[in-house]
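Engineer: Sequence and predicted structure below; questions after.
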Amino acid sequence: TLKPLAKGYQYIAPQFVEDGIHNFFSNIGDVGNLANNVLQAKPEAAGVDTARLIVNTTFGLLGFIDVGTRMGLQRNDEDFGQTLGYWGVPSGPFVVIPLLGPSTVRDAFAKYPDTYTSPYRYIDHVPTRNTALGVNLIDTRASLLSAERMVSGDRYTFIRNAYLQNREFKVKDGKVEDDF
């Protein structure tokens, strides 16, 4: 479990450092957002992603400062699993992948194409690649620490339901019907 490392990271890193690291990795993730918005035929969102990449990489010191959001360019969170869902591929059953966490069969298969928009794939120097992956993993885990307090009842059921609802919300761009 990465929880002790994530807690240590939050304890020793000043908030502005945590924010900068998180912004840097989010900026890198905008490459995948752009690709998936193009594949989902969303030209306006793709334009916003392009603008965010240019602004944050140049004026935001490689993305450490999120200038794009301050300019009103809201981040789009897209991945290949959402793209497959957009084109009608059913999600399939819920699964938990060791080391990667909750997923669906569709999203599990979509993780591989997502690696093509990840810079880690193109870093040949193994220590650099592993360090970048490790820092991103710890940053991601640290960002989930506060959400962990909301888990109540059966942990598996809570995580499954939260994951499936979140994915449906993302695939349908927030246009979901209540089950009430």
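Structural biologist: Now that the structure is in, tell me what you want to look at.

Engineer: ok, and for the helix or strand Gly134 falls within, which residues are buried?
Structural biologist: Assigned by DSSP states H and E, Gly134 belongs to helix 126-143. Judged by neighbour count using 16 or more other CB atoms under 10 Å, the buried positions of helix 126-143 are 132, 136, 138-139, 141-142. Where you see a C-beta, it was placed from the backbone N, CA and C, and this is true even at glycine.

Engineer: you'd agree Val151 is in a helix?
Structural biologist: No - counting by DSSP: H, G, I helix; E, B strand; the rest coil, one finds Val151 to be coil, located in no helix.

Engineer: any idea how far it is from Ile138?
Structural biologist: To Ile138, Val151 is 20 Å away according to CB to CB, to the nearest Å.

Engineer: and if you look at Phe169?
Structural biologist: 26 Å.

Engineer: ditto for Gly29
Structural biologist: Taking CB to CB, one finds Gly29 at 16 Å from Ile138.

Engineer: Please apply the same query to Phe158.
Structural biologist: 24 Å.

Engineer: and what of Gly72?
Structural biologist: 30 Å.

Engineer: ditto for Asp124
Structural biologist: 23 Å.

Engineer: Over to His125?
Structural biologist: From His125 to Ile138 the distance is 20 Å (CB to CB).

Engineer: hang on, the earlier thing: export the helix holding Gly134 as CSV, just CAs?
Structural biologist: Presented in CSV, the C-alpha positions along helix 126-143 are these (Å, rounded to 0.1, in the frame of the first residue of the first chain):
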residue,chain,number,x,y,z
VAL,A,126,14.9,3.6,-16.8
PRO,A,127,15.8,5.4,-13.5
THR,A,128,14.2,8.7,-14.8
ARG,A,129,11.1,6.8,-16.0
ASN,A,130,10.7,4.9,-12.8
THR,A,131,11.2,8.1,-10.7
ALA,A,132,8.6,10.0,-12.7
LEU,A,133,6.1,7.1,-12.5
GLY,A,134,6.7,6.8,-8.7
VAL,A,135,6.3,10.5,-8.0
ASN,A,136,3.1,10.5,-10.1
LEU,A,137,1.8,7.4,-8.3
ILE,A,138,2.5,8.9,-4.8
ASP,A,139,0.9,12.3,-5.9
THR,A,140,-2.2,10.5,-7.1
ARG,A,141,-2.5,8.4,-3.9
ALA,A,142,-2.0,11.5,-1.8
SER,A,143,-4.8,13.3,-3.6
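
Engineer: Please consider this matter closed, and thank you.
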